[in-house]
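# can't give you the sequence, but here's the structure:
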């Protein structure tokens, strides 16, 4: 049964956090997006998480349609599953990029690393608030208002 977050559980942020509100879940998505991880062992080695936690989070990502479970078999071994991001999972790139940018700016570390998103021709892509006519707007000048999803 999904958890209900706050009084306004119909809010798109609350609905998103019902799935993504766990750090391990977002780190799994990060590994899939940034490192191209698809296999249980790859996720476990990169994250150092307990197998039961990783299994639970991968199953939830599959159940929520963010990943697909697909069988593969190396020669001479038993069949295993790999986990591939769906379009919904790949669209979380903007969330991962926003978290990376925020962390670089507000939680810098001299030994830190960050993902950078680049185009096929190696140009760096930046996140921005952009108006319909293409003007970039600083986040500090914006206010947010609740609107209907429809």
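Structure received. Predicted, not measured: the structure shown is a model, and the values here were computed from it.

# when you work out contacts or count neighbours from here on, use the C-alpha atoms and nothing else.
Noted.

# could you look up the SS state of residue 74?
With DSSP: H, G, I helix; E, B strand; the rest coil as the basis, residue 74 sits in coil.

# can we start the residue count at 828 from this point?
Okay, residue one is now 828; in that scheme the one you just asked about reads as residue 901.

# just checking, residue 966 touches residue 956?
Yes: at 6.8 Å, residue 966 counts as touching residue 956 under the criterion of C-alpha atoms under 8 Å.

# quick one, helices of the protein?
Using DSSP state H, the helices of the chain run over 839-847, 850-857, 867-874, 878-890, 914-917, 920-933.

# for these, which one sits closest to residue 971?
Nearest of the helices of the chain to residue 971, taken as C-alpha to C-alpha: helix 839-847 at 12.5 Å.

# tell me the average confidence for the closest one?
Across helix 839-847, pLDDT averages out at 91.

# any idea of the angle that helix forms with helix 878-890?
130 degrees (axes from the mean of the first three to the mean of the last three C-alpha atoms, to 10 degrees).

# okay, the angle between helix 839-847 and helix 850-857?
Helix 839-847 and helix 850-857 are oriented at 90 degrees to each other (the same axes, to 10 degrees).

# quick check: the gap between the closest residue to residue 908 other than its chain neighbours and residue 966.
Distance criterion C-alpha to C-alpha, 6 or more residues apart in numbering; nearest residue to residue 908, sequence neighbours excluded, is residue 898 at 4.4 Å. According to C-alpha to C-alpha, to the nearest Å, residue 898 and residue 966 sit 43 Å apart.

# buried sites along stretch 859-868?
For stretch 859-868, burial by neighbour count (16 or more other C-alpha atoms under 10 Å) applies to 859, 860, 864, 865, 866, 867.

# and stretch 848-855, by the same measure?
851, 852, 853, 854, 855.

# looking at these, which is nearest residue 871?
Residue 871 has its nearest neighbour among these in residue 855, at 9.2 Å by C-alpha to C-alpha.

# ok so, going back, out of the helices of the chain, nearest to residue 942?
helix 920-933 (6.6 Å).

# contacts for the closest one next, please.
Contacts to helix 920-933, defined as C-alpha atoms under 8 Å, 6 or more residues apart in numbering, come from residues 853, 857, 860, 941, 942, 943, 944, 954.
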